[in-house]
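Participant: below are the sequence and a predicted model; questions follow.
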Amino acid sequence: MSQEQPIRPKEPVKYGDVFEVSGELADKPVAPEDAKMMQAEETRVFGHTQKGGPAAVMQSAATTNIRGGFVHRGDKTELAAERGVTVEQTVPPSTVTTEFVGGQVVGQHVEPRRVVAGARTDEEALQSSITIGEALEAAVKTAGNKPVDQSDAAAIQAAEMRASGTNVIPLAGIAASAQSAADHNATVDRDERKIKLADILTCLICFRTGWVIRVQRGTVTRQDAEGVVSAEMRNNPKLCTHPGGVAASLTAAARLNERVDI
């Protein structure tokens with residue numbers, strides 16, 4: 001009795017199938033050299049590849065594509081070659097690691113500030129948490145070049161209200177600035193002339209005092225993240241959030257805060 005031949009997939013595994021990416025990259029098959037580059041980057045930053053991380057996902061997808069005959073060993077996606085496959089790490093009060101392929105975010109990991117070992121007081125636990133302001137600062141790294149639109153303005157407004165514990169939006173606050181940016185961008189055709197998220201969120205340091213007036217609201221909770229996600233989705237024509245954007249950053253922060261029992 002002859003052995004059955006494995007069924008070859010009819011379609012390649014594309015970036016849009018395994019990551020929340022858009023545009024040209026979403027339609028590109030994951031290539032083996034892309035996976036190798038991400039593996040090298042993760043090893044450079046972490047000392048090893050991350051279990052279940054972007055490099056592992058890309059390797060699995062590339063292997064499937066090789067077996068299906070859609071790509072060959074040594075193939076590289078043009079976008080990945082031109083714009084790079086990188087892992088970048090920034091250390092504000094929290095460590096934020098972001099992984100990119102072709103300039104788009106394919107993975108993000110946030111580590112809260114570490115507290116000295118031993119019995120933790122409530123104050124130490126609070127200090128180890130990620131605040132709403134810090135989560136928004138992380139979004140500068142992951143989506144800073146994104147032109148501000150109405151979904152961003154709504155998400156920032158929801159975040160500012162939760163951080164301050166009030167429904168009043170300051171005329172000089174970042175939510176007001178984000179709304180003005182969204183209104184301006186709606187009248188501009190070329191992205192390079194639009195106001196970016198980084199232009200708005202890098203002003204956070206100017207407002208940080210106001211953000212910590214009520215520290216218990218400044219710490220990102222699951223409810224905070226859900227509120228911001230809802231605001232961003234309601235104001236997005238596609239009813240989704242932007243990868244690495246405001247809602248995504250608060251969601252990642254809320255998950256980390258739950259892990260340290262905030």
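Facilitator: Done, it's in.

Participant: how many residues are close by Trp187?
Facilitator: Careful, residue 187 is Thr and not Trp. Using other C-beta atoms under 10 Å, the number of residues around Thr187 comes to 7. Glycine gets a C-beta too; all of them are placed from N, C-alpha and C.

Participant: element containing it, please.
Facilitator: Following DSSP states H and E, one finds Thr187 outside all helices and strands.

Participant: now His184: closest residue in space, sequence neighbours ignored.
Facilitator: Ile195 (5.9 Å; C-beta to C-beta, 6 or more residues apart in numbering).

Participant: quick one, grab the pLDDT at the one you found.
Facilitator: Note for Ile195: predicted pLDDT of 95.

Participant: am I right that it is in contact with Asn145?
Facilitator: No - Ile195 is not in contact with Asn145 according to C-beta atoms under 8 Å; the separation is 11.2 Å.

Participant: mind checking which of these two has more residues around it?
Facilitator: Ile195 (18 against 11).

Participant: dihedrals phi and psi, the more buried one?
Facilitator: The phi/psi pair for Ile195 (degrees, to the nearest 10) reads phi -80, psi 130.

Participant: please apply the same query to Thr131.
Facilitator: phi -90, psi 170.

Participant: what residues are bridge-paired with it?
Facilitator: Legend: beta-bridge partners of Thr131 under DSSP bridges are Thr219.

Participant: and Met233, how close does it get to Ala248?
Facilitator: Note on Met233: its distance to Ala248, by C-beta to C-beta, to the nearest Å, is 12 Å.

Participant: who touches both of these two?
Facilitator: Jointly contacting Met233 and Ala248 under the rule C-beta atoms under 8 Å, 6 or more residues apart in numbering are Thr241.

Participant: so for those two, which sits in the more crowded spot?
Facilitator: For the pair Met233 and Ala248, the greater number of neighbours falls to Ala248 (25 against 16), based on other C-beta under 10 Å.
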